[in-house]
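[1] Here is the input, now give the coordinates:
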Amino acid sequence: MNQEERLGAFRASYPNKSLTVAGAAWSYRICGEGPRPLLMPPGGELVNDMGFDLVEALAQRHRVVYPAYPRVPTLASLADGIAAILEAEGCARATVLGASFGGAVAQCLVRRHPDKVERLILSNTGVPQANLIRTRKIVNGILATIPWLVLRAPLAKSIIKLLGAPAEELPFWQVYCRELFAARLGKADVLANLRIQLEYHERYRFAPDDLAAWPGKVFVIESDNDIFNPARRKALRDTYPQAPVYTFHGAGHAPAFSRAGEYLEVLGRFLE
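    Numbers count the residues shown, from 1 in each chain. Below you'll find the model as predicted:
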């Protein structure tokens, strides 16, 4: 099957379930029937099918919980909603794979609901830093003034660039991202998420001893040419000094897409 057919099969095989938490309507997929839950919060794409190939592979051995983000006001709301989904699905504790913005959600989740997290995989993500607040406020303000019909095309292009997918896959991802911003997400969804990303840097500060009482383990995945620069990657490693680190070379921000086979192999080593 080609990518379009695989995406269609994924959506059909794993239809969305729903749960209302604190007034917010959550959608999520349960993929696979393995004995160990694996939570995969999405990144800035907000939806729960962009990682369909990765989830399909992981679902062969795990029970993957794959939520989409509703429009909520805070990062804590996202963490609490995900904890409620795990509770509703009878998942006592889950391994969490948080990539990019999903890594911010995962780091908040393990601090608010440590009893729900068994292991934490932080992939191509960062910790909150005060020096990023001013720039994010400026960018958010500019984006808020741009009409949605003008804004959605560059948003789609930016996601395609971040994925770094092989050239032969670009036509599929161009169609996917155009449809994402034309039919599935609106300006209010994007701006709400940007406000949460700003809140992450304004409100939160993480330290190496935050999880001293938590019995789980942390694993870090990074790329040496990520949009997260060397200083931000070092800040993440310094926050989790005991975590093993795997560094991709030249894989960009999304090695799950740019180097799918190697990424799955790296995950497998930690998950097993």
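
[2] For Arg29, which three-state class applies?
    Applying DSSP: H, G, I helix; E, B strand; the rest coil to Arg29 yields a three-state assignment of strand.

[3] who's in contact with it?
    If you count contacts by C-beta atoms under 8 Å, 6 or more residues apart in numbering, Arg29 has them with 14-17, 48-49, 55, 64-67. For glycine as for every other residue, the C-beta is placed from the backbone atoms N, C-alpha and C.

[4] Buried ones among the residues you listed?
    Burial by neighbour count, judged by 16 or more other C-beta atoms under 10 Å, picks out 14, 48-49, 55, 64-67 from those.

[5] quick one: which of those residues is nearest to Glu5?
    Sorting these by how near they are to Glu5, with C-beta to C-beta, puts Asp49 at the top with 13.7 Å.

[6] Export only the CA atoms of stretch 229-242, formatted as CSV.
    This file holds the C-alpha atoms of stretch 229-242, laid out as CSV (Å, rounded to 0.1, in the frame of the first residue of the first chain):
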residue,chain,number,x,y,z
ASN,A,229,20.0,24.4,19.1
PRO,A,230,23.0,23.0,21.1
ALA,A,231,22.2,25.1,24.1
ARG,A,232,18.6,23.9,24.3
ARG,A,233,19.7,20.3,23.8
LYS,A,234,22.2,20.7,26.6
ALA,A,235,19.6,22.2,28.9
LEU,A,236,17.4,19.1,28.3
ARG,A,237,20.3,16.7,29.0
ASP,A,238,21.3,18.6,32.1
THR,A,239,17.7,18.4,33.5
TYR,A,240,17.9,14.6,33.1
PRO,A,241,21.5,13.8,33.8
GLN,A,242,21.0,10.0,34.3
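
[7] Which two among the buried ones among the contacts of Arg29 are spaced furthest apart?
    Looking at these by C-beta to C-beta, the two members farthest from one another are Asp49 and Val65, with 13.9 Å of separation.

[8] Could you say which helix or strand holds Gly250?
    Take DSSP states H and E as the rule and Gly250 turns out to sit in neither a helix nor a strand.

[9] That one and Arg259: what is the separation?
    When distances are taken as C-beta to C-beta, to the nearest Å, Gly250 and Arg259 turn out to be 9 Å apart.

[10] Have a look at those two and say which one is more surrounded.
    Arg259 (20 against 11; other C-beta atoms under 10 Å).

[11] The more buried one: what's it in contact with?
    248, 251.

[12] how long is stretch 242-254 end to end?
    Taking C-alpha to C-alpha, to the nearest Å as the measure, stretch 242-254 stretches 24 Å from start to finish.

[13] For Asp49, give me its contacts.
    7, 10-11, 29.

[14] Secondary structure and distance to Ala83 for those residues - can I get that in TSV?
    Written out in TSV, the entries for these read as follows (DSSP: H, G, I helix; E, B strand; the rest coil; distance: C-beta to C-beta, whole Å):
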residue	secondary structure	distance to Ala83
Leu7	helix	28
Phe10	helix	25
Arg11	helix	25
Arg29	strand	17
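
[15] so how far is stretch 120-135 from its chain's centroid?
    Here stretch 120-135 shows a centroid-to-chain-centroid distance of 13 Å under the convention C-alpha atoms, centre = their mean, to the nearest Å.

[16] What's the end-to-end length of that stretch?
    From the first residue to the last, stretch 120-135 extends over 29 Å; the measure is C-alpha to C-alpha.
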